[in-house]
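S.K.: Structure for the following, please:
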Amino acid sequence: MSRRRATPDNGTAGVAGVGLGILLGVGVFAGCGDDTAPVVAGSSGAQTSSSTASSLGSETTAGPSSSSSSSGNGPTSGSSTTSSSSSTTGEPAVCGDGQHEPGELCFGDLIALGDVGESPTGLAAADLDGDGHLDLALAATGSSSVTVVYGDGTGALTFGQSILSGLQPRGVAIADFDDNGELDLAVANLGTDYVAVYAQNKGAFGSQQPEPAGERTRNVAVGDLDGDDNLDMVAVAEESGTIEVLMGDGTGMFAAAVGYDTGPQPYDVALGDLNGDGILDAVTADFGGTTISVLRGIGDGTFQAASPETVASGSRSISVVDFDEDGALDILAPSFDAQVVSLLLGQGDGTFGPFIALPVGQGPYVSTVADMDADGRLDLVSVARDAGSVSIVVPAQDGTFAETEIFVGLSPLALVVADFNEDGSPDVVVTDSLGGTVSVLPSDP
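M.R.: Numbers count the residues shown, from 1 in each chain. Below is the predicted model of the structure:
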């Protein structure tokens with residue numbers, strides 16, 4: 001197994017992993033064999049950029065101020081960025097020694113899972129079979145199917161049930177809609193304008209239960225919107241320009257969808273309590289403009305009219321997270337057009353400061369956060385479709401950012417960051433819509 005470690009002097013990510021026992025292991029790091037010799041930035045083509053926030057009108061941009069690469073622009077094939085570093089004992093930090101030192105970023109070989117259907121685009125993770133280990137549910141748009149993949153806690157993954165979906169399934173959500181103690185699936189179907197609900201009973205998923213949800217239903221989020229302890233769904237309908245609210249009754253059944261207008265071409269939706277009132281609010285990524293839409297929840301399953309927030313153009317996904325860990329939820333909106341992730345820092349009262357543009361790979365599609373470098377602070381993880389890469393952006397206390405870009409496939413679209421091998425460090429899972437695979441980038445400190 002070839003490895004690299006990354007320790008830029010303003011902070012990087014340390015991730016651990018063992019080999020994942022699945023088909024088609026693909027090496028993703030240049031060089032081989034020497035677990036004790038870190039590769040220094042620029043010595044073999046790894047790319048690092050160090051960024052400093054600066055004001056540009058109403059927009060704050062964290063733009064690259066330096067770049068180190070010996071093989072030109074673009075991501076290194078499966079590699080991470082590297083600079084010299086020492087462990088807490090004063091010894092040089094190395095990959096593969098089992099010690100996840102702060103500032104360390106190490107990955108094992110990329111593992112591609114074959115036979116997941118044509119054009120896999122939707123991905124979600126949870127313990128689907130109740131064995132205490134994370135599993136995956138993925139949607140394949142081209143083959144109109146949903147596949148369950150089971151994990152065993154070692155990093156090995158096994159294919160499970162494959163289910164017929166509606167046309168062009170996209171987003172996937174996992175939740176227990178019927179309160180039977182088993183997790184169910186909800187899948188947005190772009191070509192048939194509904195969310196398909198698959199109830200799980202005794203370890204098997206039933207046939208789809210279609211829930212109409214506007215024209216070109218692209219994604220779905222789940223939460224209790226009215227405080228009745230029953231889970232509800234909020235779908236996003238691209239052609240309708242709406243979110244569609246479907247109230248659940250706790251038996252797996254849903255009331256007819258009620259629509260609320262958003263900005264143009266909403267691609268994704270996320271839920272979170274943005275103003276601290278204990279009620280879930282909704283946020284959509286509006287691909288057709290330079291805004292996202294914030295719809296504040298009232299507490300009875302209804303929403304106020306959408307309020308726009310300016311971001312970089314062409315947002316295709318949305319995440320609600322506490323990126324700066326101040327107790328107030330923030331918003332991440334990858335901009336497919338501008339090649340940045342727009343970060344809006346929440347004030348805790350439902351308002352946001354001007355967006356901060358974090359440069360990532362070309363064509364960013366989905367972003368999330370995790371502590372990738374074991375320094376106790378959250379880092380940005382983003383998948384870029386056109387670059388075929390995952391970017392890891394690590395903030396430092398001085399306001400700069402270090403980006404590591406890793407090649408993971410031809411056209412990655414979906415992203416999950418979670419600890420599948422249970423070594424205490426997050427692994428990265430992506431779908432490759434052109435390659436027809438789901439790939440796992442295991443951590444390896």
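
S.K.: isn't residue 395 right up against residue 376?
M.R.: No: using C-beta atoms under 8 Å as the test, residue 395 is too far from residue 376 to be in contact (11.8 Å). To be clear about C-beta, it is placed using only N, CA and C from the backbone, and glycine gets the same treatment.

S.K.: Extract the residue ranges of this protein that are flagged as low pLDDT.
M.R.: Scanning the chain for pLDDT under 70 picks out 1-93.

S.K.: mind redoing it with 90?
M.R.: In the predicted model of the chain, residues 1-107, 112-117, 156, 361, 395-402, 409, 435-437, 444-445 satisfy pLDDT under 90.

S.K.: Buried residues in the host helix or strand of residue 267, which are they?
M.R.: Per DSSP states H and E, residue 267 falls inside strand 266-272. Buried positions in strand 266-272, judged by neighbour count with 16 or more other C-beta atoms under 10 Å: 266-272.

S.K.: can you list contacts of it?
M.R.: With C-beta atoms under 8 Å, 6 or more residues apart in numbering as the test, strand 266-272 has contacts from 171, 218-223, 234-238, 241-243, 280-287, 293, 315-320, 329.

S.K.: Do a quick rundown of the strands in the stretch 51-200 of the chain.
M.R.: Secondary structure of the stretch 51-200 of the chain by DSSP state E, counting those that start in this stretch: the strands cover 59-68, 106-107, 110-113, 120-126, 135-140, 145-151, 157-164, 169-175, 184-189, 194-198, 200-201.

S.K.: Redo those strands as JSON lines? Include mean neighbour count.
M.R.: Shown next, in JSON lines, are these (neighbours: other C-beta atoms under 10 Å):
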{"stretch": "strand 59-68", "mean neighbour count": "16"}
{"stretch": "strand 106-107", "mean neighbour count": "33"}
{"stretch": "strand 110-113", "mean neighbour count": "25"}
{"stretch": "strand 120-126", "mean neighbour count": "22"}
{"stretch": "strand 135-140", "mean neighbour count": "26"}
{"stretch": "strand 145-151", "mean neighbour count": "22"}
{"stretch": "strand 157-164", "mean neighbour count": "17"}
{"stretch": "strand 169-175", "mean neighbour count": "24"}
{"stretch": "strand 184-189", "mean neighbour count": "28"}
{"stretch": "strand 194-198", "mean neighbour count": "25"}
{"stretch": "strand 200-201", "mean neighbour count": "17"}
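
S.K.: Mind putting those into CSV with distance to residue 390?
M.R.: Listed next are those as CSV, based on distance: least, C-beta to C-beta, whole Å:
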stretch, distance to residue 390
strand 59-68, 17
strand 106-107, 10
strand 110-113, 10
strand 120-126, 13
strand 135-140, 17
strand 145-151, 19
strand 157-164, 18
strand 169-175, 19
strand 184-189, 23
strand 194-198, 28
strand 200-201, 30
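
S.K.: so which of the ones you listed comes closest to residue 356?
M.R.: Comparing the strands of the stretch 51-200 of the chain by their distance to residue 356 (C-beta to C-beta), the top pick is strand 59-68, with 4.5 Å.

S.K.: host element of the closest residue in space to residue 257 that isn't next to it in sequence?
M.R.: Sequence neighbours aside, residue 244 is the residue nearest to residue 257 in space, at 4.0 Å (criterion: C-beta to C-beta, 6 or more residues apart in numbering). Applying DSSP H and E as the criterion places residue 244 in strand 242-246.

S.K.: Using PDB, write down the CA coordinates of that strand.
M.R.: Extracted in PDB, the C-alpha atoms of strand 242-246 (Å, rounded to 0.1, in the frame of the first residue of the first chain):
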ATOM      1  CA  THR A 242     -40.300  24.900  -4.500                       C
ATOM      2  CA  ILE A 243     -39.700  22.900  -1.400                       C
ATOM      3  CA  GLU A 244     -42.400  20.300  -0.900                       C
ATOM      4  CA  VAL A 245     -43.400  19.500   2.700                       C
ATOM      5  CA  LEU A 246     -44.800  16.100   3.500                       C
END
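
S.K.: mind listing what's buried in the very next helix or strand once past that strand?
M.R.: In the C-terminal direction, the helix or strand that comes right after strand 242-246 (DSSP H and E) is strand 258-261. If you call a residue buried by 16+ other C-beta under 10 Å, then strand 258-261 has these buried ones: residue 260.

S.K.: For strand 258-261, which strands pair with it and how are they oriented?
M.R.: Strand pairing for strand 258-261, determined by DSSP bridges: strand 242-246 (antiparallel).

S.K.: Figure out how far the strand it pairs with is from the centre of its chain.
M.R.: What separates the centre of strand 242-246 from the centre of its chain is 22 Å, taken as C-alpha atoms, centre = their mean, to the nearest Å.

S.K.: quick revisit: neighbour count for residue 395 and residue 376, which is higher?
M.R.: residue 395 (23 against 8; other C-beta atoms under 10 Å).

S.K.: Show me what the more buried one bridges to in the sheet.
M.R.: Bridge pairing for residue 395 - DSSP bridges - gives residue 401.

S.K.: which ones are touching it?
M.R.: Applying C-beta under 8 Å, 6+ apart, the residues contacting residue 395 are 11, 377, 379-380, 401.
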